[in-house]
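Peer 1: Sequence plus predicted model, see below.
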Amino acid sequence: MSKVTKDIEAPLAKVFRYIEQEKNNFVENLKNAVSIKSVSADPNLRFEVLKMMNWANNKLKILGAEVELCETGIQVMNNEKIELPPVLMGKLGNNTSKKTICLYGHLDVQPADISDGWSSEPFILTKRDDKLYGRGSSDDKGPVLGWMHAIEAYQQTGTELPVNLKFIFEGMEESGSIGLSELLSKRKDTFFSDVDYVCVSDSYWLGTEKPCLTYGLRGMCSFGVEIKGSSKDLHSGMYGGIVFEAMSDLIHILDKLVDHKGKILIPGIYNDVEPLSEKEKELFMKLDFNVDNHLTDIGVSKPLKETKEDLLINNWRKPSLSIHGIEGAFSGSGFKTVIPRKVIGKFSIRLVPNQDPKKVSDQVKSYINSIWNSRKSPNKLKIIQSNDGEIPWITDPFNSHFMAAHRATEIVYNSEPDYTICGGSIPITLTLEKITGKSVLLLPMGAGDDGAHSQDEKINLLNYIEGTKLMAAYLYEVSKI
């Protein structure tokens, strides 16, 4: 890890001391936030999402922000109309001589239950070995609270907040941010008219030791391949050897999508992949990433690529295809000797810069149809696409906005940050860039082993507190641009 020495300027030194002094209170705030079961995917917990939005609304009001809970409409779930949770939009400060930063985060979480394999109750923040375990601790309640605590530190130390702030905190990110883009587009010429930069706090370090700045995200297309054979499930003893089986057809198709080394077999899929620039290659060479440690963390014995650079390029800058499951097939313990009447194979493709979801969709459908025509099965094929796809996002990591975040990272961690791309997707990032026309930066708080969406999600106490200092330092350094 390269080391640098940075003197902490007096205003930030006071802010940092306050954050250290108040860390127990900040942990208590996170405990309260985690206890709210704001699972957006569960219609029975939608009231908890609303409770979470009101909780955050009150917190921002205490800090002196002007806030609004904006309605986003109705969602249909299981043939029932359910009101979407409001989006919290707010502002703090209106000094025209200062930069205005728009902050985005989300307050909904993935489902969780101790029966899933958690070591402790997921909605009770539990401290073990200076790690704070709980659903949403890292994704994304901890980072959202980090912004609030950074603002509090400025105010309580009598230190002038160096920028104006605008807030967008939503409660549907884990369920596709339904209604958010439409709401933000309507506010393009009002709420966003004076925004200078956008900062998203919904990503993670590459590893566990070194902070990073994120300048890209992969997009995604997801598909279902439906094969329908008989009008009902059939007994394999009575009908095996008599009928063309839907499951065999499906496995045949799925097997031809990707090879054992991860290469996608769909013709033309790599044609539009944007090559790395020489400057970007240098960023990859500097990355602090240990392949063996990474494999040990996830319990895998061998990677698809051997070197650090090749492995990360494969994850960040090349498309990947993953098969996720088969609906309609028996998956319980024991045997059920049935020939399913209809099966649906589900897969997704992660997209990289310069790939167009619509073009990829056309390539996928054309290829699957060609496989099906060669198969000559009398069964019925249907290709399902779950949505229009998510467009990949990448930005210039060498601009003044990133350099300000770079300096802030050096101040807090005494280390230069890594520059990373996230293999996942955060579609609102591209939306915010398009609406504002300004530089968007992802400023991670959590570590790479936090287990977002998984059992025993956690945030390290160090990341939570030092990450709050980083947010405070970021605001300070951006004000100098």
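Peer 2: Looks like it came in fine. What you see is a predicted model, and the numbers here were worked out from it, not measured in a lab.

Peer 1: What is the burial count for the closest residue to Thr208 other than its chain neighbours?
Peer 2: Take Thr208 and drop its neighbours on the chain: the residue closest to it by CB to CB, 6 or more residues apart in numbering is Ala447, 4.6 Å away. All C-beta spots, glycine's among them, are computed from the backbone N, C-alpha and C. Using other CB atoms under 10 Å, Ala447 has 23 neighbouring residues.

Peer 1: these two touch, right, Asn379 and Leu250?
Peer 2: No. Using CB atoms under 8 Å, Asn379 is not in contact with Leu250; the gap is 9.3 Å.

Peer 1: Please, where are all the helices along the stretch 101-250 of the chain?
Peer 2: For the stretch 101-250 of the chain, applying DSSP state H, counting those that start in this stretch gives helices covering 141-156, 180-186, 236-239, 246-255.

Peer 1: The stretch 301-450 of the chain now?
Peer 2: Secondary structure of the stretch 301-450 of the chain (DSSP H, counting those that start in this stretch): helices at 308-316, 357-375, 400-413, 428-436.

Peer 1: who touches the first one?
Peer 2: The reference is to helix 308-316. Helix 308-316 has contacts (CB atoms under 8 Å, 6 or more residues apart in numbering) with 216, 218, 262, 276, 284-285, 287, 289-291, 303-305, 320, 352, 420-423.

Peer 1: which parts of that helix are buried?
Peer 2: With burial defined by 16 or more other CB atoms under 10 Å, the residues of helix 308-316 counted as buried are Lys308, Leu311, Leu312, Ile313, Asn314, Asn315, Trp316.

Peer 1: The second one now?
Peer 2: Of the residues in helix 357-375, those with enough neighbours to count as buried (16+ other CB under 10 Å) are Pro357, Lys359, Val360, Ser361, Gln363, Val364, Tyr367, Ile368, Ile371, Trp372, Arg375.

Peer 1: Next, the angle helix 246-255 makes with it.
Peer 2: If you take axes from the mean of the first three to the mean of the last three CA atoms, to 10 degrees, helix 357-375 sits at 130 degrees to helix 246-255.

Peer 1: again, but for the last one
Peer 2: Counting by the same axes, to 10 degrees, helix 428-436 lies at 60 degrees to helix 246-255.

Peer 1: Can you give me the buried ones in helix 428-436?
Peer 2: For helix 428-436, the neighbour count (16+ other CB under 10 Å) marks Ile428, Thr429, Leu430, Thr431, Leu432, Ile435, Thr436 as buried.

Peer 1: of all these, which comes closest to Glu416?
Peer 2: Thr429 (23.3 Å; CB to CB).

Peer 1: hang on, the earlier thing: can I get the helices of the stretch 301-450 of the chain in CSV with distance to Ser386 and mean pLDDT?
Peer 2: CSV is the format used below for the helices of the stretch 301-450 of the chain (distance: least, CB to CB, whole Å; pLDDT from 0 to 100):
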stretch, distance to Ser386, mean pLDDT
helix 308-316, 22, 90
helix 357-375, 11, 98
helix 400-413, 33, 98
helix 428-436, 18, 95
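
Peer 1: possible to save those as JSON lines with distance to Leu145?
Peer 2: Output for those, formatted as JSON lines (distance: least, CB to CB, whole Å):
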{"stretch": "helix 308-316", "distance to Leu145": "29"}
{"stretch": "helix 357-375", "distance to Leu145": "34"}
{"stretch": "helix 400-413", "distance to Leu145": "17"}
{"stretch": "helix 428-436", "distance to Leu145": "19"}
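
Peer 1: sorry, back to before: please convert the buried members of the contacts of helix 308-316 into PyMOL selection syntax.
Peer 2: Selection of buried members from the contacts of helix 308-316 for PyMOL, criterion 16+ other CB under 10 Å:
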select buried, resi 216+218+284+287+289+303+305+320+352+420+421+422+423
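
Peer 1: Which ones among the contacts of helix 308-316 map onto strands?
Peer 2: Using DSSP state E, the members of those that fall in strands are Gly216, Ser320, Thr420, Ile421, Cys422.

Peer 1: which residues touch the last one?
Peer 2: For Cys422, the contacting residues are Ser203, Tyr204, Thr214, Gly216, Leu217, Arg218, Trp316, Leu442, taking CB under 8 Å, 6+ apart as the criterion.

Peer 1: The third one now?
Peer 2: Thr420 is in contact with Trp205, Leu206, Cys212, Leu213, Thr214, Tyr215, Leu287, Trp316, counting by CB under 8 Å, 6+ apart.

Peer 1: thinking Ile101 is in contact with Val163, fair?
Peer 2: Yes. If you go by CB under 8 Å, Ile101 and Val163 touch, sitting 5.1 Å apart.

Peer 1: count of residues packed around the nearest residue to Ser400 once chain neighbours are set aside?
Peer 2: Once flanking residues are discounted, Ser400 sits nearest to Ile481: 5.0 Å by CB to CB, 6+ apart. Using other CB under 10 Å, Ile481 has 14 neighbouring residues.

Peer 1: Neighbours of the residue nearest to Thr96 when sequence neighbours are not counted, how many?
Peer 2: Spatial nearest neighbour of Thr96, chain neighbours left out: Asp194 (7.9 Å); criterion: CB to CB, 6+ apart. Neighbours of Asp194 under the rule other CB under 10 Å: 14.

Peer 1: do the same with the one 5 residues further on
Peer 2: Neighbour count for Cys199, taken as other CB under 10 Å: 23.

Peer 1: One more: Asn57?
Peer 2: Neighbours of Asn57 using other CB under 10 Å come to 18.

Peer 1: contacting residues for the residue lying closest to Gly262 once chain neighbours are set aside?
Peer 2: In space, and not counting its chain neighbours, Gly262 is closest to Leu304: 4.6 Å by CB to CB, 6+ apart. By CB under 8 Å, 6+ apart, Leu304 lies in contact with Lys261, Gly262, Leu311, Asn314.
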